[in-house]
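> what follows is a predicted structure for the sequence shown.
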Amino acid sequence: MKKTVAVMMLLAGGLFAAPRVTVGIGFGGPAPVAVVRPVCPGPGYFWVDGYYAPNRVWVRGYWAPPAVVRVVPRYEHARVFVDHRFEHFRR
């Protein structure tokens, strides 16, 4: 009787811990996409190509605005030790 109960408990526990195996096979690449590039909105804009995201969804291309570049003047300073202290001079 004890052996029967032990075997039933092992079998019942094994049903909840059953392994699951899945196999997936993909054929071919992603579907081709026809791209129509709209007119450039202005000078300096550049086209960023579309791409497939990791979830296999097509992300459209777009016109990126021109980059804004700030030019900041650079000042060179010289530190000179005079009378037991540092003094700063612009070159």
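Yep, it's here.

> ranges for the helices of this protein?
Assigned by DSSP state H, the chain shows helices spanning 2-16.

> so where's it shaky on pLDDT?
Residue ranges of the chain with pLDDT under 70: 13-19, 26-27, 74-91.

> okay, strands next: where are they in it?
Secondary structure of the chain (DSSP state E): strands at 46-48, 51-52, 58-59, 62-64, 77-82, 85-90.

> give me the distance from the fourth one to the chain's centre.
For strand 62-64, the separation from the chain centroid amounts to 18 Å (computed by Cα atoms, centre = their mean, to the nearest Å).

> ok, that strand: who's next to it in the sheet?
Within its sheet, strand 62-64 is paired with strand 46-48 (antiparallel), according to DSSP bridges.

> how far out from the middle of the chain is the partner strand?
That offset, for strand 46-48, works out to 19 Å (Cα atoms, centre = their mean).

> distance-wise, check Val36 relative to Arg60.
Separation of Val36 from Arg60 (Cβ to Cβ, to the nearest Å) stands at 10 Å. Every residue, glycine included, has its C-beta placed from N, CA and C.

> comparing the two, which residue is more hemmed in?
Of the pair Val36 and Arg60, Arg60 is the one with more neighbours under other Cβ atoms under 10 Å, namely 11 against 6.

> and for the more buried one, nearest residue in space, chain neighbours not counted?
Once flanking residues are discounted, Arg60 sits nearest to Gly50: 5.0 Å by Cβ to Cβ, 6 or more residues apart in numbering.

> would you agree that neighbour is in contact with Val36?
No: counting by Cβ atoms under 8 Å, Gly50 does not reach Val36; the two are 10.9 Å apart.

> please save the CA atoms from stretch 53-63 in PDB.
C-alpha atoms of stretch 53-63 as PDB (Å, rounded to 0.1, in the frame of the first residue of the first chain):
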ATOM      1  CA  ALA A  53      13.800  46.700 -35.900                       C
ATOM      2  CA  PRO A  54      14.700  43.600 -33.800                       C
ATOM      3  CA  ASN A  55      11.000  42.700 -33.700                       C
ATOM      4  CA  ARG A  56      11.000  42.400 -37.500                       C
ATOM      5  CA  VAL A  57       8.900  45.600 -38.000                       C
ATOM      6  CA  TRP A  58      10.000  48.100 -40.700                       C
ATOM      7  CA  VAL A  59      10.900  51.500 -39.500                       C
ATOM      8  CA  ARG A  60      10.500  54.200 -42.200                       C
ATOM      9  CA  GLY A  61      13.400  56.400 -43.300                       C
ATOM     10  CA  TYR A  62      13.200  60.200 -42.600                       C
ATOM     11  CA  TRP A  63      14.900  63.500 -43.400                       C
END
